[in-house]
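K.L.:
sequence unknown, structure follows:
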């Protein structure tokens, strides 16, 4: 049995167990110690936190999705061959299904991923590394440990109640995590081992398969206190491996593969309570042969003596049962050697009664012969080898031992028995021919090749150090580089002085040729060749080659959406665990390699790496892991980070507050708040993009023209909801949290004021329905604005008081608007019945609503010290060169009945002429007025209006003379009120977006011209507010109530100091006079009725 991570399953009993006379230690009850342990006692008691954590993972496994890649799950498990058809079926389901990013946000507990906890766990570990709590090498080890823990919980933590399908899915899941753990372990051995600072000491290794240099970590140097004089072969071997990059790479590969096998043995011991090497003493003695010899019934083909040289000396064999027992023992010795546990293998030999095999494995006593710094430190300053070589010569015993092992392995193979015995001998002398036949998995075959090549490199270096020895190899170059058959013939006639010529022809020449032998070697098992095509095997081989660009391309190909996928949709493709692995692999490589790489490599790891991170973040979002998004999005390039989070915030627009707050916290914690670093996106940049895009016209489909206006009004609610992102409270963990909160609130104020202006212009219709967008904004900002004003005044923005004043002005305006609509609603309800049928309470309610409307409106209109929507301090704009004013508006053309007109080129031309003629020709020429009206490219029911004129003193430059918005506000007000000459009567411009700005002669924007939009709002809102008051006064007069404030309202409009008269258009003045005439008639009727 091959005890390695590839095909190891502790619950699978090998067929050779029936031949064993020595037994395994089992618990008395027949139940595994894991089941007896109180931590896993499900019938009662208190479980530890770890048990609860793993139990949660196990519960999540029951919902495992079936999207798995076929080739990644067939290996390392004895029952993997039965999953072939199952994998194919799962693959077909995976390729046929796709989900949009928006659709994936639907909460469906049945679709939760089995390894969902690993996403949070890995994010937590990476966050610790970002905070400096973990070095990158330690982070890699934690990733490996986490994968193993979760895999073990899934695979062996089952309570046995799962169905066959669920069990197979769990096995696949567990196997993938075990494969991933092996990849993390390799990454640590290559780049993290011996690296305590978190940044590898880099040297450049040129690999012939690459077109660039790749960074690798240099090994530690040999400590001075371990050096000897004269030197020994082991010391020179360690020195060579420490300085030769190819040998160092082979050593790390061997240590990695031995570590995987050793951990597999530990898992076996944990699950079964025993492992290879737990034997009854003297179980290696030939008891059956001994009994036959005592019985005097001796077979001529059976040995007559029981010493270990008897079979060779007598040309006979022990009895078959003893030979099988020996083979089982040798299989376990091979397994322990494969796991790097030579001490355990030697102890096994001694306890089994065959101590001479221990001498085979350790020819120099307890001396560890691994050519590594760790082995030197372990050995200490042991002079036994030095003494031996002083007597026999440098490296003589070393060569003699290896040559003897080679001869023994060849002889055993010729006899046709003892394949494990031959392999044990062959492992000591790099004889691949005798090892590969028993290597039935990828790891074992790779270990055999890497260890053999490492040993041969060391042997060649030791030969080079001896004068004249390298000349002995020149005569055999043709043999070693020829065909394998020719090399075998030559090796049979060579003695120990020619070592390692005998095995040179079996070794690769480069790392790439070593990996090629795994793919297509003559002696390589078919299962090994198949395993080379599996995902994590390809990952590991590319890591070993240092071909990181190729590795990233592979990962991206496995997880990327199909080419025909809609870019606005997220199509689930590949295994989510591979997405997670790929994302963290990219991050680890970036932090490990840092800036010590060439531009070609950097471009690859940044661009393709960002694509991998991007797809993983999208997957997390689709699974409602909003709290994990920030940590990964912050690692993206600036433009990708901003685009991604803007898209997610737009998709979350109508989500619950909890989900939105999780995304807000995740973004603000891991991203810089303000722009600074060009390589990283900032939270302010993201929010400005979200706010800007929310005001853009959305493409819609309309059944009737009346639906157009209604849908555009409903979009105001969506615009308002966006501001909620700015009203969340930042977490206390961020730096300068109070200042951040103030800046967010200030940004919310600025954007809300923009929206209040637009909402006011589209809510002029005298209907009971409330402007939902405006009131939604007021609700969002009510709580944040309760903080002390000093917090806002500390902001760097110079016009904070202006923003606060405008917000309060709009708050008061929408209170007036709400009271009017409430009165109108009551009036319309009362109008359904005759006046005589109304109850006293209904009449009184209408009168109270009317008085409240008049009171609130007059309170706003009569403000003298602080007029409505007039800044206390004008922001003066000065310029040395000509400055232009621009107004950009998106609007619809609506009839008096409320229906939308579909614009065309002719209508746009007529409107352009009408807007231009709304001012005199002399003014238009003096101010260089230009008007451009086109059909919107986004919505064919909308038009885009662009006005441009020259700024002059009093209108754009210097203090503003009046708060009416200047010439551009005059032109826009004419179109908005539907009083354009040379245009269709009664057709108005229903504005949905309005911006005013300063620009230079070339058209570049320099600043906002907010005074224009405020002046336009005064031109439109104040006359409408007065007309509403007149409507309410007339209604009160009809009911017999005389409003006390009516005369004051007339005087206010007529007073030149108020400046209200010039805000009225011709039709508005006519309507005003019409209301006054009707009011006077009602008053006269009341007076006549009272006198009669």
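P.N.:
It's in. These figures come from a predicted structure and were not determined experimentally. Numbers count the residues shown, from 1 in each chain.

K.L.:
How far off centre is the lengthiest helix in the chain?
P.N.:
Ranked by residue count, the top helix of the chain under DSSP state H comes out as helix 800-830. Computed by Cα atoms, centre = their mean, to the nearest Å, the chain-centroid distance of helix 800-830 equals 45 Å.

K.L.:
immediately after it, which helix or strand?
P.N.:
Helices and strands here follow DSSP states H and E; after helix 800-830, the next one along the chain is helix 840-861.

K.L.:
buried stuff in the helix or strand just after that next one?
P.N.:
Heading C-terminal from helix 840-861, the first helix or strand you meet, by DSSP H and E, is strand 884-894. In terms of neighbour count (16 or more other Cβ atoms under 10 Å), strand 884-894 has its buried residues at 884-887, 889-894. Every C-beta, even on glycine, is put in place using the N, C-alpha and C of the backbone.

K.L.:
What of stretch 722-730?
P.N.:
For stretch 722-730, by 16+ other Cβ under 10 Å, it's 722-728, 730.

K.L.:
Can you tell me the element residue 1059 falls in?
P.N.:
Of the helices and strands defined by DSSP H and E, none includes residue 1059.

K.L.:
and residue 357, helix, strand or coil?
P.N.:
Following DSSP: H, G, I helix; E, B strand; the rest coil, we place residue 357 in the helix state.

K.L.:
For stretch 500-516, measure first residue to last.
P.N.:
23 Å (Cα to Cα, to the nearest Å).

K.L.:
Stretch 933-941 now?
P.N.:
13 Å.

K.L.:
picking up where we left off before, tell me what the longest helix of the chain is packed against?
P.N.:
helix 737-761, helix 772-782, helix 789-793, helix 840-861, helix 1010-1038 (3 or more Cβ pairs under 8 Å, 6 or more residues apart in numbering; DSSP states H and E).

K.L.:
Nearest to residue 979, out of those?
P.N.:
Between residue 979 and those, the tightest spacing by Cβ to Cβ is seen for helix 1010-1038, at 11.6 Å.

K.L.:
List the buried residues for the closest one?
P.N.:
For helix 1010-1038, burial by neighbour count (16+ other Cβ under 10 Å) applies to 1010-1037.

K.L.:
Residue 1010 contacts residue 998, doesn't it?
P.N.:
No: the criterion here is Cβ atoms under 8 Å, and residue 1010 misses it with residue 998 at 10.4 Å.

K.L.:
for the residue most central in space within the chain, helix, strand, or coil?
P.N.:
Among the residues of the chain, the one closest to the centroid is residue 617, at 3.3 Å (Cα atoms, centre = their mean). Secondary structure state of residue 617, per three-state DSSP, is helix.

K.L.:
So what does the nearest residue to it once chain neighbours are set aside have for phi and psi?
P.N.:
Among residues not flanking residue 617 along the chain, residue 632 sits closest, at 5.0 Å (Cβ to Cβ, 6 or more residues apart in numbering). In terms of degrees, to the nearest 10, the main-chain angles of residue 632 are phi -90, psi -40.

K.L.:
Now tabulate the buried residues of strand 884-894 in a markdown table and tack on distance to residue 1065.
P.N.:
Below are the buried residues of strand 884-894 laid out as a markdown table (distance: Cβ to Cβ, whole Å):
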| residue | distance to residue 1065 |
| --- | --- |
| 884 | 26 |
| 885 | 22 |
| 886 | 24 |
| 887 | 18 |
| 889 | 18 |
| 890 | 22 |
| 891 | 17 |
| 892 | 20 |
| 893 | 18 |
| 894 | 17 |
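
K.L.:
quick one: which of those residues is nearest to residue 928?
P.N.:
Nearest to residue 928 out of these is residue 884 (Cβ to Cβ; 7.8 Å).

K.L.:
distance of the closest one from residue 754?
P.N.:
Distance of residue 884 to residue 754, given as Cβ to Cβ, to the nearest Å: 21 Å.

K.L.:
repeat for residue 1026
P.N.:
In terms of Cβ to Cβ, residue 1026 sits 25 Å off from residue 754.

K.L.:
do residue 1027 as well
P.N.:
Taking Cβ to Cβ, one finds residue 1027 at 26 Å from residue 754.

K.L.:
now do residue 1041
P.N.:
40 Å.

K.L.:
Among these two, which residue is more densely surrounded?
P.N.:
residue 754 (19 against 16; other Cβ atoms under 10 Å).

K.L.:
What confidence value was assigned to that one?
P.N.:
With respect to pLDDT, residue 754 scores 95.

K.L.:
got it, and residue 598?
P.N.:
The model's pLDDT for residue 598 equals 69.

K.L.:
So for the longest helix of the chain, mean pLDDT?
P.N.:
94.

K.L.:
ok, now stretch 727-739?
P.N.:
90.

K.L.:
can you check stretch 1082-1092 too?
P.N.:
Mean pLDDT, stretch 1082-1092: 79.

K.L.:
Stretch 855-873 now?
P.N.:
86.

K.L.:
same deal with stretch 1019-1028?
P.N.:
The pLDDT scores in stretch 1019-1028 average 96.

K.L.:
Quick one: distance of it to the chain centre.
P.N.:
That offset, for stretch 1019-1028, works out to 53 Å (Cα atoms, centre = their mean).

K.L.:
got it, and stretch 837-852?
P.N.:
How far stretch 837-852 lies from its chain's middle: 61 Å, per Cα atoms, centre = their mean.

K.L.:
buried residues in that stretch?
P.N.:
Quick answer for stretch 837-852 (16+ other Cβ under 10 Å): 838, 845-847, 849-852.

K.L.:
could I get these as CSV with pLDDT and distance to residue 436?
P.N.:
Below are those laid out as CSV (pLDDT from 0 to 100; distance: Cβ to Cβ, whole Å):
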residue, pLDDT, distance to residue 436
838, 88, 103
845, 94, 97
846, 93, 99
847, 93, 102
849, 96, 95
850, 95, 99
851, 94, 100
852, 96, 95
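
K.L.:
Okay, now the unreliable bits of the stretch 901-1050 of the chain?
P.N.:
The stretch 901-1050 of the chain contains residues with pLDDT under 70 at 961.

K.L.:
what ranges do the strands span in it?
P.N.:
Using DSSP state E, counting those that start in this stretch, the strands found in the stretch 901-1050 of the chain span residues 930-935, 943-950, 952-953, 956-957, 988-999, 1005-1008.

K.L.:
Output these in CSV, with distance to residue 821 appended to each entry.
P.N.:
Listed next are these as CSV, based on distance: least, Cβ to Cβ, whole Å:
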stretch, distance to residue 821
strand 930-935, 32
strand 943-950, 28
strand 952-953, 40
strand 956-957, 36
strand 988-999, 18
strand 1005-1008, 31
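
K.L.:
any chance of those strands in JSON lines, with mean neighbour count too?
P.N.:
As requested, the strands of the stretch 901-1050 of the chain are exported to JSON lines (neighbours: other Cβ atoms under 10 Å):
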{"stretch": "strand 930-935", "mean neighbour count": "17"}
{"stretch": "strand 943-950", "mean neighbour count": "20"}
{"stretch": "strand 952-953", "mean neighbour count": "12"}
{"stretch": "strand 956-957", "mean neighbour count": "21"}
{"stretch": "strand 988-999", "mean neighbour count": "21"}
{"stretch": "strand 1005-1008", "mean neighbour count": "12"}
